[in-house]
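Asks: Here is my input, please return the structure:
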Amino acid sequence: MELLKMTDISKSFSGVTVLSHVDFSVEKGEVHALLGENGAGKSTLMNILAGVYQRDSGQIVFDGENMHDISVQRSEQAGIAFVHQELNLFNDLKVYENMFLRKEILTKLHTLNKGAMIARANELFESLGVDIDPNVLVSELETSKKQLLEIAKAIFANAKLVILDEPTTSLNNNEIDHLFSIVRRLKEQGKSFIFISHKMNEIFTIADTYTVLRNGCFINAGNIADTTPEEVTKMMVGNSYSSEGVYQKRELGEVVLSLEHASGQGFEDVNLQVRKGEILGLTGLKGAGVSQTMQTIFGARPLLSGKILIRGKEIKHENIHHAMKEKVGMIPSNRKENSVIPDFNLLENNYISEHTLSFGKQYINKKKELEIFDKHKQALNIKANSPEDMILSLSGGNQQKVILARWLTTEADILLLDNPTQGIDVGAKAEIYRLIMELAEQGKTILVNTLEIPEIQKIADRCAVFYHGHIQTILPREEINEELVMLYATNVKQATEVKNG
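Replies: You can find the predicted model right below:
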């Protein structure tokens, strides 16, 4: 039975068409994957459904009711919940306060009934198998638990349709399995889900049906069982899609980065050597210590024991600034919280690190900075109209390119990329892979942390596999495959002697 039917939906912003006569429908009790590259129109379509934007034309029927002027409140009242990729939680409020915001339980005296709200939150978390204390501040939660809290809020609101926008970005494999078990259980109860993701393995694991958008237009819809990841990817990207790898063999230079028995928060006794022009893939289950190792190399976390050497010189980072002076740059895993400065435009986001390094200069030479930005814009193929555009106006892939340009502006030659393709589409991913390979060919040394082994296969010379803060093994390129990596990452295959050649 049909729950949602959107017909002939069109939307323009400032004369630019972002949706053109799009049809989209969801059945009761199904998981429907909404697919497309960044900029394909997925978010706009969902924001129209959620009442954030008003459609220019078209019809929306939800649960038998013709929805005319949809507001955020009316959408929520109808039973539509939108769990955004950028979580909408108040860090300074407690968990139960976030859950009951605008839905507070009151006593007979019309005061807040905190006990009842905490008890109700506990009941919901227990029913979902979620281990969250309702009485802690949201700021104290890990990102993965914040994601589960957002989903719990949607369930608590008794939504009939839940929109999940990249819900697994910050979850590890066990948490993803847990989330999917929750989705399946609720689906059996008749709830429907719209699942937005760029991860094909997840789409083909959890979704029943799919719709593909490209350049604001409807391309195709059907049952997941009747298609393949390759076919869906070609629908999303069009004729520009190529599944070929991008790896190019190169002559590597001398060792430029060494870790000798390095220990820090989340990792211990790590030995590693990386050469000039090398691309080293780093992987392991979430929490294995890869991100913490990168952050310590970058000076964001303290080195507790051992040594870090850059170009043969022992470095004792006291802060990030010291690492930057040694020509080390880092793209952290959560660009929205740790990289992007939302109130800055593209030019300002580009030169902020370089200006920090040259803090003795009181003035910014805007003409020079514009020249530098334009050079990187061309080299990295950043799709933007003007350097004065705000960075949040760009797609995720283009935001990531701006952050990469930021470090190229500082002339960094050791680049630490922590999940650099997180939350970006297949087309943008291919461009990021190409850029990584080009930078390595120019002599940049690049460390890439990713949970997606096919990414490592596309670009890496070697792969270091972490388990519980230790490097289990370092695989040469010809031995990198998903099965072997997972055996080491889960400690099924025991640690081997690490060869740094």
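Asks: tally of neighbours for Val138?
Replies: As a burial measure, Val138 scores 19 neighbours (other CB atoms under 10 Å). Glycine gets a C-beta too; all of them are placed from N, C-alpha and C.
Asks: State the distance from it to Glu126.
Replies: Spatial separation of Val138 from Glu126 under the definition CB to CB, to the nearest Å is 19 Å.
Asks: mind listing what's buried in stretch 68-80?
Replies: Along stretch 68-80, the positions that meet the burial threshold by neighbour count (16 or more other CB atoms under 10 Å) are Ile70, Ser75, Glu76, Ala78, Gly79, Ile80.
Asks: I misspoke; the intended subject was stretch 176-192.
Replies: By neighbour count with 16+ other CB under 10 Å, stretch 176-192 contains the buried residues Ile176, His178, Leu179, Phe180, Ile182, Val183, Leu186, Lys187, Lys191, Ser192.
Asks: Any stretches of the protein with poor pLDDT?
Replies: Of all residues in the chain, those with pLDDT under 70 make up the ranges 38, 85-87, 170, 239-245, 317, 334-339, 359-363, 423-425, 497-501.
Asks: start to end distance for stretch 407-421?
Replies: End-to-end distance for stretch 407-421: 17 Å, by CA to CA, to the nearest Å.
Asks: In the stretch 251-400 of the chain, what residue spans correspond to strands?
Replies: Assignment of strands within the stretch 251-400 of the chain using DSSP state E, counting those that start in this stretch yields the ranges 255-264, 267-275, 279-283, 303-310, 313-314, 328-331.
Asks: Distance to Val485 for those strands - can I get that in CSV?
Replies: Output for these, formatted as CSV (distance: least, CB to CB, whole Å):
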stretch, distance to Val485
strand 255-264, 20
strand 267-275, 17
strand 279-283, 6
strand 303-310, 25
strand 313-314, 31
strand 328-331, 22
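Asks: hang on, Arg415 in a strand?
Replies: Heads up, residue 415 is Leu, not Arg. Yes: membership of Leu415 in a strand is supported by DSSP: H, G, I helix; E, B strand; the rest coil.
Asks: show me what contacts it?
Replies: The neighbours of Leu415, taking CB atoms under 8 Å, 6 or more residues apart in numbering as the test, are Val328, Gly329, Met330, Ile331, Leu404, Trp407, Leu439, Lys444, Thr445, Ile446, Leu447.
Asks: Would you tell me what helix or strand the fifth one is located in?
Replies: By that I understand Leu404. When secondary structure is defined by DSSP states H and E, Leu404 falls within helix 396-409.
Asks: now that helix, how far from the centre of its chain.
Replies: When C-alpha coordinates are averaged (CA atoms, centre = their mean, to the nearest Å), helix 396-409 and its chain have centres 15 Å apart.
Asks: Now do it: everything it contacts.
Replies: Outside of helix 396-409, the residues that reach it under the criterion CB under 8 Å, 6+ apart are 38, 329-331, 335, 339-340, 346, 349-354, 372-373, 376-377, 380-384, 391-392, 394, 415, 420-421, 423-425, 427-429, 431-432, 435.
Asks: Apply the buried test to these and list what passes.
Replies: For those, a neighbour count by 16+ other CB under 10 Å gives the buried set as 38, 329-331, 335, 339-340, 346, 349-351, 353-354, 372-373, 376-377, 380, 382, 384, 391, 394, 415, 420-421, 423-425, 427-429, 431-432, 435.
Asks: of all the strands of the stretch 251-400 of the chain, which gets the most neighbours per residue?
Replies: The densest packing among the strands of the stretch 251-400 of the chain, expressed as mean neighbour count by mean count of other CB atoms under 10 Å, is seen in strand 279-283 with a mean of 26.
Asks: what are the pairing partners of that one, and which direction each?
Replies: When pairing is defined by DSSP bridges, strand 279-283 lines up against strand 445-449 (parallel), strand 462-467 (parallel).
Asks: what angle do that strand and strand 267-275 make?
Replies: Interaxial angle of strand 279-283 relative to strand 267-275 (axes from the mean of the first three to the mean of the last three CA atoms, to 10 degrees): 160 degrees.
Asks: what domains does the record give for the chain?
Replies: Residue ranges for the domains of the chain, per automatic domain parsing: 2-240, 255-489.
Asks: Centre of the chain to the shortest one, how far?
Replies: In other words, domain 255-489. For domain 255-489, the gap between its own C-alpha mean and the chain's C-alpha mean amounts to 15 Å (CA atoms, centre = their mean).
Asks: picking that back up, take the contacts of helix 396-409 and keep only those in helices.
Replies: Residues from the contacts of helix 396-409 lying in helices, with DSSP state H as the criterion: 335, 346, 349-354, 372-373, 376-377, 380, 427-429, 431-432, 435.
Asks: contacts for stretch 43-58?
Replies: Contacts to stretch 43-58, defined as CB under 8 Å, 6+ apart, come from residues 4, 6-12, 18-19, 21-22, 24, 34, 60, 69-76, 80, 82, 163, 165, 194, 196, 213, 216.
Asks: From those, list the buried ones, please.
Replies: Among the contacts of stretch 43-58, those buried by neighbour count (16+ other CB under 10 Å) are 4, 6, 9-11, 18-19, 22, 24, 34, 60, 70, 75-76, 80, 82, 163, 165, 194, 196, 213, 216.
Asks: Return the subset of these lying in helices.
Replies: With helices identified by DSSP H, the entries of the buried ones among the contacts of stretch 43-58 that belong to them are Ser75, Glu76.
Asks: pretty sure Ala464 contacts Pro476?
Replies: No: because the distance of 11.3 Å does not satisfy CB atoms under 8 Å, Ala464 is recorded as not touching Pro476.
Asks: Tell me which of the two has more neighbours.
Replies: Neighbours per residue (other CB under 10 Å) separate Ala464 from Pro476, with Ala464 holding more: 26 against 12.
Asks: Check the gap between the more buried one and Tyr488 for me.
Replies: Taking CB to CB as the measure, Ala464 and Tyr488 are separated by 10 Å.
Asks: who touches both of those two?
Replies: With CB under 8 Å, 6+ apart, Ala464 and Tyr488 have common neighbours Thr473.
Asks: Tell me which stretches of the stretch 51-200 of the chain form strands.
Replies: For the stretch 51-200 of the chain, the strands identified by DSSP E, counting those that start in this stretch occupy 57-62, 65-66, 80-83, 161-165, 192-196, in order along the chain.
Asks: so which of those strands gets nearest Ile364?
Replies: strand 161-165 (36.2 Å; CB to CB).
Asks: Save the contacts of Leu415 as JSON lines, and put in distance to Ile279 too.
Replies: As requested, those are arranged in JSON lines below (distance: CB to CB, whole Å):
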{"residue": "Val328", "distance to Ile279": "16"}
{"residue": "Gly329", "distance to Ile279": "15"}
{"residue": "Met330", "distance to Ile279": "15"}
{"residue": "Ile331", "distance to Ile279": "14"}
{"residue": "Leu404", "distance to Ile279": "14"}
{"residue": "Trp407", "distance to Ile279": "16"}
{"residue": "Leu439", "distance to Ile279": "9"}
{"residue": "Lys444", "distance to Ile279": "9"}
{"residue": "Thr445", "distance to Ile279": "8"}
{"residue": "Ile446", "distance to Ile279": "5"}
{"residue": "Leu447", "distance to Ile279": "8"}
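Asks: returning to that earlier point: okay if I get the strands of the stretch 51-200 of the chain as JSON lines plus distance to Ala288?
Replies: Listed next are the strands of the stretch 51-200 of the chain as JSON lines, based on distance: least, CB to CB, whole Å:
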{"stretch": "strand 57-62", "distance to Ala288": "43"}
{"stretch": "strand 65-66", "distance to Ala288": "48"}
{"stretch": "strand 80-83", "distance to Ala288": "27"}
{"stretch": "strand 161-165", "distance to Ala288": "26"}
{"stretch": "strand 192-196", "distance to Ala288": "27"}
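Asks: Great, nothing more from me.
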